[in-house]
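J.: here is the input, now give the coordinates:
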Amino acid sequence: MDNPSSAWWLSVVDGVLHFSGADLPGVYIPVQSVEKSQDDNHVNIITEDETFKVHISKFQVKDIRFNYLQDVSSRRKFCDRLEKLLPQLCSLSESLNSEATADQLSSSGASKKRSFREEVQMMRNLHPENNDPDKLGEFLDSSNRAWRQACVTFFGCIDRENQQKDEDLKAENKRLRDENEQLKKENERLKRQKRHQDVFEYAEDLEQTEPTVRKTYQRKVTAEVEVHLEEAHKKRRIQKEKEERYIELIDEIIREDEAETTEVTEAIEEDNEVVENIQEVTNEVTFSKGEKITAFWEDKNISGWYPAVVLRVNKNSYYVRYFDGVKSSLKPKDIKKTAN
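T.: Okay, the predicted model is just below:
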């Protein structure tokens, strides 16, 4: 088997694991061991004469007893599962192929507690279809339903009879569900038809109503419409009054803001006039460097006008020296001419 990507499978014959594949049609080779390969997702099938490297994704289940190995994704898990499964398969094959006598089911023999596997072996060997080669890997039917289900679960066998019954039951359930859906749809259709019929009958009754009753009904509807219209007009009037009130409040706020703005503007203009007057008065008197003046002095202890001399004329101030040697920078308003 030169192609590692070809399909392959395993089987147990006479208690021995055998290997075969798509490249080995009809050939079953006894297996000595199955080991992990150095390549990912590959295992090595070791036989007496040759070693086959195969991909685990290409493993196919030809024997239902190997279902446990299907869809395994790693080489380590495949080898571990096969190692656990192989002893059971080999021992089961040996026990199913062994002979059993009626003495094993006698009362003296039955007194000894048997395992479930031993009971299965005896039941199979005593079954009338035991020698049928076509049913070697299948379940042999029994009237004991609980025992039959336990065997199917324990050995992974195929219960052909019950499988067919289950399929028939599923088909019957599907048919019943389809019928139920059809009944639901028909019920919905009848309901719609009934609603339409009720509407038509109501229209016919309305046409046959006496004129006085019709007029009474029309007056009642007209009165209800008038009430709704009156309520709508009332709400509209209330809304309009609110809007007018909001407009009046906004106008009042605007007038107040305009008045405040006018007052502030007038105050600013007055302040500007005062500043201009001060600048005019201040600009009338100027001093030059070395000129003797009277300068204002103020600290936490004393304050007053004292003799001083202008040392330097700045842009908006004068740098002076007082009579006691103290120097300071003064604004024009803190300086005046010395009295003669």
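J.: quick check: K62 is in a helix.
T.: No: K62: not assigned to a helix; according to DSSP: H, G, I helix; E, B strand; the rest coil it is coil.
J.: neighbours of the closest residue to it other than its chain neighbours, how many?
T.: Excluding its sequence neighbours, the residue lying closest to K62 (C-beta to C-beta, 6 or more residues apart in numbering) is W9, at 4.3 Å. Heads up, the C-betas are built off the backbone N, CA and C, glycines and all. Residues lying near W9 (other C-beta atoms under 10 Å) number 19.
J.: with just CA atoms, put the helix or strand containing W9 into PDB.
T.: Assigned by DSSP states H and E, W9 falls within strand 8-13. Only the C-alpha atoms of strand 8-13 are listed here, as PDB (Å, rounded to 0.1, in the frame of the first residue of the first chain):
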ATOM      1  CA  TRP A   8      -8.000   1.700   4.800                       C
ATOM      2  CA  TRP A   9      -9.800  -0.300   7.600                       C
ATOM      3  CA  LEU A  10      -9.300  -2.800  10.400                       C
ATOM      4  CA  SER A  11     -11.100  -6.000  11.300                       C
ATOM      5  CA  VAL A  12     -10.800  -8.900  13.800                       C
ATOM      6  CA  VAL A  13     -10.600 -12.400  12.400                       C
END
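J.: neighbouring contacts of that strand?
T.: Residues from elsewhere that reach strand 8-13 (C-beta atoms under 8 Å, 6 or more residues apart in numbering): 1, 17-22, 28, 31, 45, 52, 54, 58-63, 65-66, 69, 82, 89-90, 93.
J.: list the buried residues of it.
T.: Neighbour-count burial for strand 8-13, counted by 16 or more other C-beta atoms under 10 Å, picks out 8-12.
J.: kindly indicate which of these lies nearest R321.
T.: Lowest distance from R321 to those (C-beta to C-beta) belongs to W8, with 118.3 Å.
J.: measure that closest one to F19 for me?
T.: To F19, W8 is 7 Å away according to C-beta to C-beta, to the nearest Å.
J.: same question for R81.
T.: Applying C-beta to C-beta, the value for R81 to F19 is 16 Å.
J.: those two: who's more crowded?
T.: F19 (21 against 14).
J.: make sure that one is indeed in a strand.
T.: Yes: assessed with three-state DSSP, F19 lies in a strand.
J.: where does E256 sit: helix, strand or coil?
T.: From three-state DSSP, the assignment for E256 is helix.
J.: per-residue confidence at it?
T.: Predicted confidence (pLDDT) for E256: 84.
J.: quick one: low-confidence parts of the stretch 101-250 of the chain?
T.: Applying pLDDT under 70 to the stretch 101-250 of the chain picks out residues 101-119, 121-163, 200, 202-214, 217.
J.: and if we set it to 80?
T.: Low-confidence segments of the stretch 101-250 of the chain, defined by pLDDT under 80, span residues 101-167, 196-221.
J.: how far away is D39 from S329?
T.: Counting by C-beta to C-beta, the gap from D39 to S329 is 97 Å.
J.: repeat for I45
T.: Distance from I45 to S329, by C-beta to C-beta: 110 Å.
J.: go on, Q38?
T.: Counting by C-beta to C-beta, the gap from Q38 to S329 is 98 Å.
J.: same thing with R195?
T.: Per C-beta to C-beta, R195 is found 103 Å from S329.
J.: for V264, same thing?
T.: Distance from V264 to S329, by C-beta to C-beta: 34 Å.
J.: same question for R255.
T.: 49 Å.
J.: which one's more surrounded, the two?
T.: S329 (13 against 10).
J.: could you give the bridge partners of that one?
T.: Taking DSSP bridges as the rule, S329 bridges to Y319.
J.: shouldn't it be in contact with Y318?
T.: Yes: between S329 and Y318 there is a contact under C-beta atoms under 8 Å: 7.2 Å.
J.: nothing else from me, thank you.
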